[in-house]
Structures are given as structure tokens and as C-alpha cells.
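Colleague: Structure for this input, please:
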Amino acid sequence: MVDLDSEVPPLPPRYRFRDLLLGDQGWQSDDRVQVEFYMNENTFKERLKLFFIKNQRSSLRIRLFNFSLKLLSCFLYIVRVLLDDPTQGLGWSPIIWVNRSLPLWGLQVISDCDIVGFSSFSLKGNIWEQILRIPFLLEIINAVPFIITIFWPVLRNLFIPVFLNCWLAKHALENMINDLHRAIQRTQSAMFNQVLILISTLLCLIFTCICGIQHLERAGNRLTLFDSLYFCIVTFSTVGFGDVTPKIWPSKLLVVIMICVALVVLPIQFEQLAYLWMERQKSGGNYSRYRAQTEKHVVLCVSSLKIDLLMDFLNEFYAHPRLQDYYVVILCPTEMDAQVRRVLQIPMWSQRVIYLQGSALKDQDLLRAKMDNAEACFILSSRCEVDRTAADHQTILRAWAVKDFAPNCPLYVQILKPENKFHIKFADHVVCEEEFKYAMLALNCICPATSTLITLLVHTSRGHVKLFSLCFRESQQSPEQWQKMYGRCSGNEVYHINLEESTFFAEYEGKSFTYASFHAHKKFGVCLIGVRKEDNKNILLNPGPRYIMSSTDICFYINITKEENSAFKKQEKHRKNHESKLSYHGASRLPVHSIIASMGTVAIDLQDTGCRSGATLALPAEGGKEGRRPSIAPVLEVADSSSLHTCDLLSDQSEDETTPSDDEVSAGLEYAKGYPPYSPYIGSSPTFCHLLHEKVPFCCLRLDKGCQHNYYEDAKAYGFKNKLIIVAAETAGNGLYNFIVPLRAYYRPKKELNPIVLLLDNPPDMHFLDAICWFPMVYYMVGSIDNLDDLLRCGVTFAANMVVVDKESTMSAEEDYMADAKTIVNVQTLFRLFSSLSIITELTHPANMRFMQFRAKDCYSLALSKLEKKEREKGSNLAFMFRLPFAAGRVFSISMLDTLLYQSFVKDYMISITRLLLGLDTTPGSGFLCSMKITEEDLWIRTYARLYQKLCSSTGDIPIGVYRTESQKLTTSESQISISVEEWEDTKDTKEQFGCRGNHRNSTSSDQSDHPLLRKKSMQWARRLSRRAPRHSAKTAEKINQQRMNLYRRSERQELAELVKNRMKHLGLSPAGYDEMNDHQNTLSYILINPSPDTRLELNDIVYLIRPDPLTYVPNAGPSRKNSFCNTVGQDTREETQL
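Modeller: Numbers count the residues shown, from 1 in each chain. Model prediction:
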């Protein structure tokens, strides 16, 4: 029988009863081996290193203990010196032997024989390197003799230089500071360490010299510690009184040695300290954490800091009273240049502006700037870079770095290219330079001087009110009337206030928006332009008469100052003498809206409007002409649909835009309205526009070359009904798309659409052509404004406006302000060749505005130059505002819009309002900016207040300003700004030729200039007459000068005209229209923002309007939606208005 035990195998270990109860632990412990891994060598030496050196916290404790022992040993040495009696020994014995008590000996043994310092050589590095180190030698000198005295008591009174432990204490202190920085995870300050080393070195030298001299003089003068201290201080300070001197040669030798050591060591320490101080000055050091927690600051991140950028930021930022206590920390990777350094040394800025050299991509530098505690971070792009896309990429990385480091810090970012904007959508406020630039230049073509209007609105008028109150007192010396009006109105800004908290608008709760706007302007002189509901973030500009004001609405208004800084006083009814001085003596008999500037507060005289009504504003009967004049209807509190769009103000019943003519149908010019099907970049705001039913082939977009679809090769062949708008640019960037969209917006009348010609230096790419081929009457041509033939081919003689965009390749130059040189000279050439062409120029530097349409001998321009210098000395933010090209809107610099980003820190709505005004954003229910022209038939309205009422009661438009053009008049007073006779006569002769009224005709015959012989004889006659005339005959000399310059100028203009006509004939173009281009008129134009109600309207005034959204009035009926939409747009989108 087989043994069962031998046949049945035993159970595996995991199935044993013990394993079933305990699980698999026993099996695992039997089969697995536990392995310990060490980051360092597991030896006793490495463990000591880890504890004493590598471990930060234990190493810090050990070094602190060692430092305390060294200080204790020095203290015990001083105690031993004070208790010792040096008179007991004779000869050299007091130097070798000292009196040391047993307790004092025991304490010194404990303090000097520390194992840490003695055994440190075995823990680090090579043994011979450790033996030759000075700290180890000092340890041997101080510790070994005390160890020997333990075993040999006879030597307990032997002198040991324990005072040398001060150098070991200095070494321990340096190591302790390093460990301290490592333990708290902070980067140590090199300046702090160097100062600490210098102070400790100086103290150790003095202490060693004191103790050494005192001990050696035990065998000589027996000096005390105080006497030795006195001697060392007098010696090291190079004073040397000589009352205390060493007597024996060892002490003298020690003094020589210590002086030599001091002369070697201290200069090295001072040199290192000076170097670190200079580097600290360059880098800016750190912004204090305590200051960051107790004071408010903002951070400005830039690639390179220019003086103009810095001053614009500081002047605009600190223009607000509540920002006076803020600090500005500038974080820039480059060194501070000399100009910036000089400015920041001015006491006004040195106390509030801190410059740090560093990068926003480094957390260390962001920590230095205390970005996590900052109130805001402004990140500005470098627009002077040759590669603007690369500049945007740097800005994007800076924004990402700041957002990663300080997520709660508000970001204000400036970007250059619109295609890069979507990368920084997370930023709180973004300003895209090319978007704003092209939209503003486009509106300049249909609403003159829009760039100047926006620039004045976004600048802070810190000194303008005070300045122009001064102008009133000095009116006999400098400013003319237009300067007073222009300067006073330029102080208007956009402010906001809650309706229920406002004195201006609280009484209009429950009334229509237009009613509130009109009556607030009539009573207080403020212009209500928009509202925002409490539960909505969108701002509505002029939501129209159907919008009812609510108590929770936020009102946005234009005024000389905000309501909180205003004081109100009621005007008495029977102050006849006062009214006779303030009221306007005209047909309107309206009291003047008086604004009195005093110490930053505006006092407003409230007009008594209780007994006034709309009927009183009707035209008086005694001043009437033949025919019936319409009266002005009152503005209704609640909108009545029957009263809207019934006035002749905007409607023209003779033409219905929605019904195209036969010519338009045959030519295929019937346009559709919709959103552009293709956008050249991500992030563009969709805008309802006039579009073609089918996109134009790319070959038909080329203006100067025919194709299989048409054979036109110049602008005249197209036979455009409206004048051209020519844009001269270097490349067709994506920002140029924003120039086309506002000019093709749906609210622009079709009959007023101007053809757009893009004059490009480089051919556009395909994706840009794919974006513009849907827009009607948009063409391009490859050419340059340097070439006269290219200008003539693109139709400059048929153009209404010529927009010259600053070229990216010329924005950077070795000399900063020379970046605009080529643009300025080209525009000057255009101005001389086509004097009546409206040229709108973009410059890189605003300071170069003075060179636009430059006239070297124009006294008027020279006087304005002096006025600009005075403004600059007074610290004005807009010192160039009185320059005629800027006032007229003929020149623009994108750097002037930098303040838009700065103002958003205080007024977070300014970017949104500006985008709505420029048409970059379209909010349902929000109005748009347009203009209307005052004609002779409209002068019966007489004043701005009556125009305000007329617009509000009929169409719901809100006027916000007036663009006025005046002829320059010759003044004879020397104390007033005048125009030179030469330039006056230069511009008057063509006026006389075309019969302009009101001009004084020159006595010189116009056909003398046609014959060179007659012109030569006339000049000879003028010279002889000037020699014979008496010196006191000023009129004769003036007339001769006029005649001479007139003949000279005539000849120059004729030469230029002959050149242009010859080129036109050579190109096969008719020169018929060129003569009109030379109709140069000597005029000046300026803007009146929110003028006073009694401002008199003048002929050819252009009024800026915020017109309600036409889509607001579209009925909701389904089948007739399209027709009603077209009818409404046709009635509501007239831009040039006959009142």
C-alpha cells in the first residue's frame, strides 16, 4: 500500500492556516526583500555632513551656536583683561604670562575647544586645503593651547590670543547669513552681504588692534582697554594727536602691520561695495514689501523706456487727484538712459517713481516689483521696433508671465497687431494700436478731425481749465478768439455718475433719454451721451428717445469737470446788470452758460427754465425773410413714434435709397447688407455693412490694370460719382481692414459711399484680398506717394481725402525724431502740388506736428510755436494742441492714444466708449458717430442750444461738438498773433481768382506773372521804389514787399502746375480737374467739444452727432421685416443734413 503522505504534496506556503489568518504578509515577507535607498553615501562622515552642512535648518542652528561661542570667548578675554593686574611682572614676563582665574579658565576651555570648528576639516574637501585655511589655523592657535593646559596645569596662565576669535566669529556670521537665506528660500541680497562683510571686517581690525596694543603695552605704558581704543580710533582716522603712543617695539610693529592690513583689505571691500552699489543703482534694487503692503503702487512693464513715453504716462497717471499717493514701479530689461535718469532725479518724481531693471518673464524680478501686491500692471509694446510682430510676441509673453505670477493683478495691455489680440483676451483692458489707428483715420474722412476729437476726450485736462481762465485775463496779449473757444472746450472729458445720486440727471428719472440729454445741456451745460443698465455691462451711446431713464442707470456725460467737483448756484431773475454783461446780444437772447474755473472746482449758474418752452425758441417774426420757417418742436418726456422721423432735418423725400435707379441695376450696384463673410484675423468685431451680392474677382480689385472683366487703367475711367479716399500705406496689414469697415457700415447712406483706393508699396496677400473683395468700390494699386505718376494714376486729382499712414520700416531711426522725416517731406510735396487736397497724416512722434505744412516765414506759425513752448513749460499734456494741423485734424499720432490705456485705470469705460464711437464695436441699441453740415438754409436755428432741441425733438440725435472753419484774418496789433503779409498775399490771390467773398484784392495785376519780362521789370521797379521811398513810409514798403513775394510765389506755383499737367498729359490723363486742386484757401479749423448753449452757429459748421441705432426702430413683423428695415435705414442714415 502506497504511503499517502508521499503521494500528496504539501500545501504551498500561501495556503497554510497561519497565512489564511494573517493574509499574504507572511508569504510576502518570506519572498520579498526590503531595500533602502539613500541619496547620499551611508557613512558616518556623510551623515555628519548632512547634519552639519547640507541640512539647512540644522546647519543654521550649529553655526549660530558656534558664533555664540566665539563671541563668548571674546567677551571672556575682555573680562580677563579687566581683572588682570599688569604691574605684577617685570620685563617681558607680562606679555607671556597673565593672571587667569580657574573659573575663567574653565569657561574659556569650554568656549574655545568646540568640536564643531575643530572637526570641520574632516567633513569637507581635501584635508591639506582645510589645514592651510586661515579659519582652521585660528582654531588651532586658540583651541590647542587650552587643550594642553588641561593635561599640564602649569601652563594655565600662559597668554593665548583669544581675541583672534573675532575673525572666526566673522566667518561664522557669513556662513550663518547664507544658511539663513537658504532656510527661508529667499535669494540673498549681495549688497546686504557686502555691507555686512565690510562692517564686520572693520570691527575685527579695530578689536584686534585694541587687544594687541593693550597686551603688548603691558611691558611698556601699561595702557588700559579704553586708552588702546582711543589710540586705535585716532590712528585709523589719520588724526594722530600723539598723546598716546606705543612705547616698545613689538607694539609699534603691530601698529605697522595693522595699518598695512587695513590699507590692503579695506580698499578691496570698499571697491566691491561701490561696484555693487552701482549695479544696484542700474538694476533699481527692490520695492519694499512693507511699502507694498501699506502703500498702493502700479507696475509699468516696457521693453525700452523712452523719455516721451515716460512723461506721457506720468503726466496722465498723476493728473487724477486720487492717484497722487500711488507709486509707479517701472520694470524694464534695459539700463536707464541719461534723459530718464535726469527726469527721475527731479524731486516730484524721485519720491514716487522707482526704476527696476529686470524682465517680466522672471519670477525673481516680478517679486522685486511686488507684482502680487500691485493695484495694476501696464504692459506697453515697443512701437519703434522694426519687427512689430516680434514686439507683440514679447508683449504676449509678458502678459502671460504676469498672469501666471499674480492672477489677481489687473492687466492693462497695449498690442500692436490686431491678429495677436486674441492671445491676451484674459487681460482686463486691451488697446490694439492698429485697430484704433485705422478706424480713426477712416472716420477722419467722413467726420473731419475725429482723431482730434477722440484725443481731446481721452486726455485729462488737469491744467486746461486753469490755463484758459488765464487766457481770458490776458486776452489782449496772446490768444485770439478761436483759441479761447477751442481751449475752453478742449477741457471737456467723459465722466460717469449714478442717476439717483446725480444733481444733473436725477430729475429725469422715468423720462426719455433725449429729453434728459437736452434739458441737462440746457440747464447745466452737460452733454449726456450714453447710459449703462445696472444688470448689463454694455454701454449704450444715445439709445434713442424710446429709452426710459431708470434710477439705477449709470449716466455717461461730457463736461468740463465731473459733477462731484461742481458747485451749483441759482441765478436771480432780476439781475439785469449782470445779465447784460453775460448774455449774448443777439436774436436768441439766451443767457450765457457760464463756467468759472477756480481751484479745480467749477461753479455753474443754473438757468431758470421753469417758464420756458419749445415755442419760445421759434424764429422771431421781426427778423424773418420771405417764406414760412419751421418752428422747433419741444422735446417730449416720453417718445411718441408719430413725432419721430417726420421733420425735414434728416429725411429727404425726393429719394428713396431702397429703390435703386435703373443705372444702378444695370451696372450691378445694388448692394446687400450683412456681416462680412470673411475676416482677415481672429477677434475682429462683426459689423453690419454694405456688401456686394457676389465677391469681386481679384483681378478687378487692381485699379491701374485692366482685366478680362473691365479695361479701366486709371481712376477717372471708372467715372465715380463721389470723390475718392486714397490710403497710402506700406503693406496691406490686417489693421487696414478696420479702415474699410467703418466706411462701409450699414448706417452710411449708399449714395454717399466714397470709393476707397489703397496705394500700397508692396502687393497685398491673398487672404487680405479675400476679405475686401466683398466690399463695394474698394480697389488697390501698387505704388508710392514718392512717385507723381502713381499719385496721378490712383486719382489724386479726384480725391476728397488722402490718408498717409506711417510706414513700419521708417518707425525706427538712429535719431528718434527722424523716424518721420520721409513722411513729412512727402506730405509737404503733396501739399505743394495739390494745395486744396485734404491730407490726413499719421506720425510716429507728436512733436513733429510742427513740420506739417511748414512755412518758414509765417509769423502766425512762429507765434503758435511760442505758445506751444509755454504750454510745455507749464507741464501740459497736450502742448501741441494749438498747432493748426492738429486742431484741424490733419495730423495724428498713435502715441497720443496711449493715454486711453492709462485713463482706463480710473475710467474703466473709456475704451468701450471709444470703440463704440469709432465703430470698432457695435452693441444692439447703441448709436454711432456721424456728422452734419450747416448750410445757409440752416442758419435760422442760430444757436447750438436750438440745434440741440431741433435734433432731439425730430430725430433723436445728440450733438457733442462742432467743427468750425474760419478764414485767417490779418491783424495789425503787435500784441496779437498775426500772419505775415507775405503768406497772407500768397494765399489770397487764388481766392480772388475764384471769387471768394470778403477778401481784399491785391493791386498787382494777375497776368504779370504770365510774362517773365513783365515780372522782371516789376521786380526792378519795386527795388528802385524801395530805395527811393522814405524810411518812415511803412505802407509803401509793405506794399512793395507784398508785390515782390506775390510775384515770386506765383512763379513757383506755376512751375509746379506745369510739371503736374505735363505728367498727366504723358500718362494720357486729362488735366481738367487739376486747376481746382490749386484753389488753396488760407483757413484754420478747430473743434468745439460740448460748446455752451448760446454758441452761435456759422456757415459750413460741421456738427458731430451720436445718432441712434436705426435697427432699434425696426418693427418685429416677420414678412415685412426686410422692407421695413430698408425703409428705416433709408430715412435715418443721412449724414450730410439740410436743416
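
Colleague: residue contacts, Asp789?
Modeller: Taking Cβ atoms under 8 Å, 6 or more residues apart in numbering, we find Asp789 in contact with Gly783, Arg1063, Leu1067. Where C-beta positions appear, they are placed from N, C-alpha and C, glycine not excepted.

Colleague: How about Leu102?
Modeller: When the contact criterion is Cβ under 8 Å, 6+ apart, the partners of Leu102 are Arg156.

Colleague: One more: the one 3 residues further on?
Modeller: Contact criterion Cβ under 8 Å, 6+ apart gives Thr149, Arg156 as the residues in contact with Trp105.

Colleague: and it, which of the three is it?
Modeller: Per DSSP: H, G, I helix; E, B strand; the rest coil, the secondary structure class of Trp105 is helix.

Colleague: Could you check the pLDDT of it?
Modeller: Per-residue confidence (pLDDT) for Trp105: 83.

Colleague: returning to what we had before: can I get the contacts of Asp789 in a markdown table including pLDDT, distance to Ser517 and secondary structure?
Modeller: Shown next, in a markdown table, are those (pLDDT from 0 to 100; distance: Cβ to Cβ, whole Å; DSSP: H, G, I helix; E, B strand; the rest coil):
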| residue | pLDDT | distance to Ser517 | secondary structure |
| --- | --- | --- | --- |
| Gly783 | 90 | 47 | coil |
| Arg1063 | 84 | 53 | helix |
| Leu1067 | 81 | 53 | coil |
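
Colleague: I'd like to know which of those are buried.
Modeller: Neighbour counting over these (16 or more other Cβ atoms under 10 Å) leaves Gly783 as the buried ones.

Colleague: of the contacts of Asp789, closest to Ser861?
Modeller: Compare each of these with Ser861 using Cβ to Cβ and the shortest gap goes to Arg1063, at 30.5 Å.

Colleague: what is the rounded mean pLDDT of the helix or strand containing Leu203?
Modeller: Using DSSP states H and E, Leu203 sits within helix 190-216. Averaged across helix 190-216, pLDDT comes to 83.

Colleague: Could you give me the buried positions within it?
Modeller: 194, 197-198, 200-201, 204-216.

Colleague: Quick one: list the elements packing against that helix.
Modeller: Of the remaining helices and strands, those touching helix 190-216 by 3 or more Cβ pairs under 8 Å, 6 or more residues apart in numbering; DSSP states H and E are helix 56-83, helix 165-183, helix 225-236, helix 249-283.

Colleague: 10 Å - rerun?
Modeller: Applying 3 or more Cβ pairs under 10 Å, 6 or more residues apart in numbering; DSSP states H and E, we find helix 190-216 packed against helix 56-83, helix 93-96, helix 165-183, helix 225-236, helix 249-283.

Colleague: buried stuff in the last one?
Modeller: Of the residues in helix 249-283, those with enough neighbours to count as buried (16+ other Cβ under 10 Å) are Pro250, Ser251, Leu254, Val255, Met258, Ala262, Gln269, Leu273, Leu276, Ser283.

Colleague: same thing with stretch 498-510?
Modeller: By neighbour count on 16+ other Cβ under 10 Å, the buried set for stretch 498-510 is Leu499, Ser502, Phe504, Phe505, Tyr508, Glu509.

Colleague: Wait, the last one touches Asp553, no?
Modeller: Yes. With contact taken as Cβ atoms under 10 Å, Glu509 and Asp553 are classed as touching, separated by 8.6 Å.

Colleague: Need the overlap of contacts for these two.
Modeller: When contacts are counted by Cβ atoms under 10 Å, 6 or more residues apart in numbering, Glu509 and Asp553 have Leu499, Glu500, Ser502, Ala516 as shared neighbours.

Colleague: State the pair within those residues that is farthest apart.
Modeller: Set against one another by Cβ to Cβ, the shared contacts of Glu509 and Asp553 have their most distant pair in Glu500 and Ala516, with a gap of 13.1 Å.

Colleague: Could you export whichever strand or helix holds Gly487 as CSV, CA atoms only?
Modeller: Element membership for Gly487, per DSSP H and E: helix 481-489. Coordinates of each C-alpha in helix 481-489 appear next as CSV, following Å, rounded to 0.1, in the frame of the first residue of the first chain:
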residue,chain,number,x,y,z
GLN,A,481,-10.9,134.3,-30.1
TRP,A,482,-10.7,130.9,-31.7
GLN,A,483,-8.0,129.9,-29.3
LYS,A,484,-10.2,130.9,-26.3
MET,A,485,-13.1,128.9,-27.5
TYR,A,486,-11.0,126.0,-28.7
GLY,A,487,-9.0,125.9,-25.5
ARG,A,488,-12.0,126.2,-23.2
CYS,A,489,-13.9,123.4,-24.9
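
Colleague: That helix: which residues count as buried?
Modeller: Residues of helix 481-489 classed as buried: Trp482, Gln483, Met485, Tyr486, Gly487, Arg488, Cys489 (neighbour count, 16+ other Cβ under 10 Å).

Colleague: between those, which is closest to Leu456?
Modeller: Using Cβ to Cβ, Cys489 is the member of these that sits closest to Leu456, with 8.4 Å.

Colleague: For the closest one, list the residues it contacts.
Modeller: Cys489 makes contact with 456, 464, 468, 558, 560, 961-962, 1086-1092, 1095 under the criterion Cβ under 10 Å, 6+ apart.

Colleague: now do 8 Å
Modeller: Contacts of Cys489 were listed using Cβ under 8 Å, 6+ apart, and they are Gly961, Ile1087, Leu1088, Ile1089, Asn1090, Pro1091.

Colleague: Now, those residues that are in strands?
Modeller: Filtering the contacts of Cys489 for membership in strands, criterion DSSP state E, returns Gly961, Ile1087, Leu1088, Ile1089.

Colleague: Across the sheet, point out what pairs with the second one.
Modeller: Beta bridges link Ile1087 to Tyr963, judged by DSSP bridges.

Colleague: That one: how many residues sit nearby?
Modeller: Ile1087: 27 surrounding residues under other Cβ atoms under 10 Å.

Colleague: gap between it and Val906?
Modeller: Counting by Cβ to Cβ, to the nearest Å, the gap between Ile1087 and Val906 amounts to 24 Å.

Colleague: could you dump stretch 891-906 to CSV, C-alpha only?
Modeller: Coordinates of each C-alpha in stretch 891-906 appear next as CSV, following Å, rounded to 0.1, in the frame of the first residue of the first chain:
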residue,chain,number,x,y,z
VAL,A,891,-2.3,115.1,-38.4
PHE,A,892,-2.4,112.3,-35.9
SER,A,893,0.0,110.2,-33.9
ILE,A,894,-1.0,106.9,-32.4
SER,A,895,1.1,107.6,-29.3
MET,A,896,-1.5,110.2,-28.4
LEU,A,897,-3.9,107.3,-27.7
ASP,A,898,-1.5,105.8,-25.1
THR,A,899,-3.4,107.9,-22.6
LEU,A,900,-6.6,105.9,-23.4
LEU,A,901,-5.0,102.9,-21.7
TYR,A,902,-3.8,105.0,-18.8
GLN,A,903,-7.2,106.6,-18.2
SER,A,904,-8.8,103.2,-18.1
PHE,A,905,-7.3,102.7,-14.7
VAL,A,906,-9.6,105.4,-13.4
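
Colleague: Closest to Ile725 out of the contacts of Cys489?
Modeller: After measuring the contacts of Cys489 against Ile725 - Cβ to Cβ - the closest member comes out as Ile1087, at 21.0 Å.

Colleague: roughly how far apart are that closest one and Gln345?
Modeller: Following Cβ to Cβ, the distance that separates Ile1087 from Gln345 is 38 Å.

Colleague: now Leu155
Modeller: Using Cβ to Cβ, Leu155 is found at 64 Å from Gln345.

Colleague: again, but for Ser490
Modeller: Distance, Ser490 to Gln345, by Cβ to Cβ: 32 Å.

Colleague: These two: who's more crowded?
Modeller: Neighbours of Ser490 and Gln345, each counted by other Cβ under 10 Å, are more numerous for Ser490; the result is 28 against 9.
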